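Asks: let me see the structure of the following:
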Amino acid sequence: MIDRTGLAEFLRRRREAMQPEDVGLPRGRRRRTSGLRREEVAVLCHMSTDYYARLERERGPQPSEQMIASIAQGLHLSLDERDHLFRLAGHTPPPRGADSDYIGPGLLRILDRLYDTPAEIVTELGETLRQTPLGVALTGDLTGYSGPARSLGYRWFTDPAARRLYAPEEHEFLTRMFVSGLRGVATLRGPGSRAAHYADLLLARSEEFRRVWDAHEVGIRPREVKHFVHPEVGALELTCQTLLDPDQSHFLLVYTAVPGSESYEKLRLLSVIGAQALR
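Replies: Take a look at the predicted model:
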């Protein structure tokens, strides 16, 4: 059963404890609210202000599991706080670990501060969960895919458009890397895992995947320097730094260019193009 009073009090306390800068929002000079405003939380949680306000006022229907998951992510709750929120709303908490899309608050706090840098949070299967605006400008919005196509490694072998963003001389290495990575995750997670399912699908669909899979290569790691071919600014040479959340098996990928280099200037141009596109 939903605990309306407990749910309302928990949401209110979590909202009041957060500051705008914690979630990448400007503070402004005339802020009097302690913590975030309800309308700010509603935007972060992808719901109407009225809907969120009714939850804090102990009103409205029981929120769905999808709504609770969105609120937990928007408020940057820890896994324990997320599970508590689910129980207050009368739901069983979702599973933790590699099959979970829930992003830990530590990675989110870092991502929120990278507004002027291309960055993304991905799963161990290359499924993009969140991007910075400049990350979207660099690679396009990668969060809208569903099913196996959420994985870049899967799209690499099933959608020719997935390769256009990467320099042709990198394609052979990336092919081997994606296959090696999928084999490693499938072995780690076991026959019933999502990784094993993706491997079975690709074995049935792609002759290229079958050929590379049969080589049984493992341990091929991503290169630190990535070579992109952007449709508007052209060739980009970017260094990729990776931060791991071991609890969720999520990776924060941050792309930077050497200051003063041609790629650095192109990234600056891309930030302008991306901002104009958003407007």
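
Asks: ok, now which ones touch residue 16?
Replies: 34, 35, 36 (C-beta atoms under 8 Å, 6 or more residues apart in numbering). The C-beta positions use only the backbone N, C-alpha and C, and glycine is treated the same way.

Asks: narrow those residues to those in strands?
Replies: Among these, no member falls in strands (DSSP state E).

Asks: among those, the buried ones, what's the ChimeraX command?
Replies: This is how ChimeraX selects the buried members of the contacts of residue 16, with burial counted by 16 or more other C-beta atoms under 10 Å:
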select :35,36
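
Asks: which of the contacts of residue 16 lies closest to residue 158?
Replies: Residue 158 lies nearest to residue 36 out of the contacts of residue 16, by C-beta to C-beta, at 41.0 Å.

Asks: pull the contacting residues for the closest one.
Replies: So residue 36 contacts 15, 16, 18, 19, 20, 23, 25, 44 (C-beta under 8 Å, 6+ apart).

Asks: now do 10 Å
Replies: 14-20, 22-23, 25, 42-44, 74-75 (C-beta atoms under 10 Å, 6 or more residues apart in numbering).

Asks: from those, which is closest to residue 203?
Replies: residue 74 (38.5 Å).

Asks: got phi/psi on that closest one?
Replies: With angles defined as degrees, to the nearest 10, residue 74 sits at phi -60, psi -30.

Asks: does it touch residue 42 like I think?
Replies: Yes: between residue 74 and residue 42 there is a contact under C-beta atoms under 10 Å: 8.4 Å.

Asks: who has more neighbours out of these two?
Replies: residue 74 (22 against 19; other C-beta atoms under 10 Å).

Asks: mind listing the helices for the stretch 51-200 of the chain?
Replies: Here the stretch 51-200 of the chain has its helices, by DSSP state H, counting those that start in this stretch, at 65-74, 79-88, 105-112, 133-139, 152-158, 171-189, 194-205.

Asks: so which of these is nearest residue 58?
Replies: Between residue 58 and the helices of the stretch 51-200 of the chain, the tightest spacing by C-beta to C-beta is seen for helix 79-88, at 11.5 Å.

Asks: show me which residues of the closest one are buried.
Replies: Buried, per 16+ other C-beta under 10 Å, within helix 79-88: 79, 82, 83, 84, 85, 86, 87, 88.

Asks: what of stretch 110-117?
Replies: Result for stretch 110-117 [16+ other C-beta under 10 Å]: buried residues 111, 112, 114, 117.

Asks: follow-up on the earlier one: tabulate the helices of the stretch 51-200 of the chain in a markdown table, adding columns for distance to residue 212 and mean pLDDT.
Replies: Shown next, in a markdown table, are these (distance: least, C-beta to C-beta, whole Å; pLDDT from 0 to 100):
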| stretch | distance to residue 212 | mean pLDDT |
| --- | --- | --- |
| helix 65-74 | 36 | 95 |
| helix 79-88 | 36 | 96 |
| helix 105-112 | 31 | 92 |
| helix 133-139 | 23 | 95 |
| helix 152-158 | 9 | 98 |
| helix 171-189 | 4 | 97 |
| helix 194-205 | 10 | 97 |
